[in-house]
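>>> Here is a sequence together with a model predicted from it:
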Amino acid sequence: MAEQNTQNFEHQELEADMQRLSREVMEKRNLPEYKDFSNKEIIKETIGQIIKPDTERLKIENKDIVETEKTFLPDYALELPPEKKLEVEKLIDSVFHEGLKAIDDVRKHNYDAEVVDTFHDALSGKLSDELEKRKLI
């Protein structure tokens, strides 16, 4: 069985999502309200529209929001407990294997707001870096 490499974005679902995301970034880039946004900010905004409905509810339920670390995790997340870091890593891994449709599972599961926010930031950063590396944005 071939080893699955989540760092190379070699999964068809995610490849298709990245192409769609690239098109959306380019479309938004031409809109006046996005003229001062970086590509990473536009990606974060776009992914946030998928994740956001539940994030706001979770923030209310979990008032103390702290983020996470690791190579692809945001720097401000250093204080997140190991079990929450692991949850974020598993969520990122699921997106690498299933594409952005894996976000539906995030929305269905009652993850705490720290995990959801960190997942959102980490995924936005990782996809932004990869799209820029491929010169898709």
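Here it is on my side, so go on.
>>> quick one, helices of the chain?
12-29, 39-61, 82-98, 103-108, 113-133 (DSSP state H).
>>> Out of those, the one nearest Leu73 is which?
Evaluated over the helices of the chain, closeness to Leu73 peaks at helix 113-133, with 5.0 Å, by C-beta to C-beta. Bear in mind the C-beta positions are built from the backbone N, C-alpha and C, glycine included.
>>> quick check: angle from that closest one to helix 82-98?
Helix 113-133 runs at 40 degrees relative to helix 82-98, counting by axes from the mean of the first three to the mean of the last three C-alpha atoms, to 10 degrees.
>>> Could you identify which of the helices of the chain is most buried?
Of all those, helix 113-133 has the most neighbours on average by mean count of other C-beta atoms under 10 Å, namely a mean of 21.
>>> Would you mind giving me the confidence score for the most centrally placed residue in the chain?
Residue closest to the mean C-alpha point of the chain, counted by C-alpha atoms, centre = their mean, is Leu123 at 2.3 Å. At Leu123, the model reports a pLDDT of 92.
>>> Show me which helix or strand of this protein is least confident by mean pLDDT.
Confidence across the helices and strands of the chain bottoms out at helix 39-61, with a mean of 71, counting by mean pLDDT, DSSP states H and E.
>>> Please give me every residue in contact with the residue lying closest to Leu100 once chain neighbours are set aside.
Distance criterion C-beta to C-beta, 6 or more residues apart in numbering; nearest residue to Leu100, sequence neighbours excluded, is Asp17 at 4.2 Å. By C-beta atoms under 8 Å, 6 or more residues apart in numbering, the contact set of Asp17 is Gly99, Leu100, Lys101.
>>> could the helices of the chain go into a markdown table alongside distance to Asp75?
Output for those, formatted as a markdown table (distance: least, C-beta to C-beta, whole Å):
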| stretch | distance to Asp75 |
| --- | --- |
| helix 12-29 | 23 |
| helix 39-61 | 14 |
| helix 82-98 | 13 |
| helix 103-108 | 22 |
| helix 113-133 | 10 |
